[in-house]
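Student: Here is a sequence together with a model predicted from it:
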Amino acid sequence: MKKRYLFLLLLIFLSCKKQSELGKELQCKSFNFDNLELVKDVENKFSIAIPKNWKTNLYQDNLQSSIFFADTTKQLTATFLVDVSFIKNNLEINDLFKLKIEQENLKKKLIQINSKELIFLEKPTYILISKGIKSDHLYQKLQAFIKIDKNHFILAKAEVYGDSLTQNRLCKAISLIEKIKIIQ
């Protein structure tokens with residue numbers, strides 16, 4: 001009986017994942033997704049675990065390699081969209097960069113509701129959450145700029161449409177974004 005109890009404790013310990021600063025910042029609880037598959041970008045720079053039945057698109061050009069995914073079995077206002085891109089460019093997280101991103105979002109009529117520098121995937125990261133209207137829907141957008149090295153960064157974006165359970169869906173997106181693994 002004692003061995004079984006210790007075994008169960010070990011299983012519980014191994015299944016618990018330390019929550020990222022990003023998840024903590026947004027006061028998210030961790031979500032577990034079933035039936036995940038590992039998807040690698042075209043250039044083999046990063047991978048991410050995504051539910052197998054979700055629609056996934058890969059994209060590549062001279063500057064970036066991206067994985068875009070969403071649960072297309074649900075209506076847009078009941079799910080979320082995620083786009084993760086490995087970008088070949090320098091990223092300096094400073095006031096000028098933050099102002100530039102905020103101005104780009106304002107051009108898209110997005111209003112900033114939260115921003116913060118933190119450590120994510122053991123890398124310096126700047127997160128920005130904005131809200132606005134797109135395609136006649138209210139939506140929130142999370143952008144996480146993750147500095148990989150002096151020549152590369154990852155931009156992880158999540159979009160949540162509608163006004164129902166937005167925080168819950170944003171947290172689910174973060175649970176998947178936390179599964180990014182840098183291969184480089």
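Tutor: Received the coordinates, thanks.
Student: In this structure, where is pLDDT below threshold?
Tutor: 1-21, 23-26, 184 (pLDDT under 70).
Student: all strands for it, in order.
Tutor: For the chain, applying DSSP state E gives strands covering 36-40, 46-51, 55-60, 64-70, 81-88, 111-120, 123-134, 137-149, 152-161, 181-182.
Student: okay, those strands in TSV with mean neighbour count next?
Tutor: (Glycine included, C-beta is placed from N, CA and C.) Below are these laid out as TSV (neighbours: other Cβ atoms under 10 Å):
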stretch	mean neighbour count
strand 36-40	14
strand 46-51	20
strand 55-60	13
strand 64-70	20
strand 81-88	20
strand 111-120	14
strand 123-134	18
strand 137-149	20
strand 152-161	23
strand 181-182	14
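Student: got those as a markdown table, with distance to residue 97 columns?
Tutor: What follows is these, written out as a markdown table (distance: least, Cβ to Cβ, whole Å):
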| stretch | distance to residue 97 |
| --- | --- |
| strand 36-40 | 28 |
| strand 46-51 | 21 |
| strand 55-60 | 24 |
| strand 64-70 | 17 |
| strand 81-88 | 13 |
| strand 111-120 | 11 |
| strand 123-134 | 7 |
| strand 137-149 | 8 |
| strand 152-161 | 11 |
| strand 181-182 | 21 |
